[in-house]
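Student: Below is the sequence, then the predicted model.
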Amino acid sequence: MQAAPVRATAIPSFTDALRAVESLLMSGGQRTARRNAWTSVLEDRRRAKDRSEAQRVLEQAATRS
């Protein structure tokens, strides 16, 4: 009698588990809106960082003159 083959399955990461729960609880449109909102937050943070860097450079240039 032969033993049944053992199949290795990857244990999902915490992020994978959260995404699975999210997909069960939210419709596709809600997921898309949530991801778009997060993308906007990240873009706003990047722009704010760029603005403060530009301000720092301008202030340094003003003090050198």
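Tutor: Now that the structure is in, tell me what you want to look at.

Student: who touches stretch 13-24?
Tutor: By Cβ atoms under 8 Å, 6 or more residues apart in numbering, the residues outside stretch 13-24 that reach it are P12, R31. C-beta here means a position set from N, CA and C on the backbone, and glycine is covered the same way.

Student: Likewise for stretch 43-51?
Tutor: For stretch 43-51, there are no surrounding residues in contact (Cβ under 8 Å, 6+ apart).

Student: Could you check how far R51 is from G29?
Tutor: Counting by Cβ to Cβ, to the nearest Å, the separation of R51 from G29 is 33 Å.

Student: typo on my end, R46
Tutor: The value you get for R46 to G29, if Cβ to Cβ is used, is 26 Å.

Student: do the same with T15
Tutor: Using Cβ to Cβ, one obtains 22 Å as the distance from T15 to G29.

Student: And for R64?
Tutor: 53 Å.

Student: Please, where are all the helices along the chain?
Tutor: 14-25, 28-64 (DSSP state H).

Student: Buried residues, the first one. List them.
Tutor: Going by neighbour count (16 or more other Cβ atoms under 10 Å), nothing in helix 14-25 comes out as buried.

Student: Quick one: distance of that helix to the chain centre.
Tutor: Distance of helix 14-25 from its chain centroid, counting by Cα atoms, centre = their mean, to the nearest Å, is 14 Å.

Student: what angle separates it from helix 28-64?
Tutor: 130 degrees (axes from the mean of the first three to the mean of the last three Cα atoms, to 10 degrees).

Student: P12 - how many residues pack around it?
Tutor: Residues lying near P12 (other Cβ atoms under 10 Å) number 11.

Student: excluding its backbone neighbours, what's nearest it?
Tutor: Nearest non-adjacent residue to P12, counting by Cβ to Cβ, 6 or more residues apart in numbering: A20, 7.3 Å away.

Student: which intervals of this protein have sub-threshold pLDDT?
Tutor: Scanning the chain for pLDDT under 70 picks out the ranges 1-4, 6, 8, 65.

Student: now do 90
Tutor: 1-35, 64-65 (pLDDT under 90).

Student: From R34, how far out is T9?
Tutor: Using Cβ to Cβ, T9 is found at 28 Å from R34.

Student: I appreciate the help and will end here.
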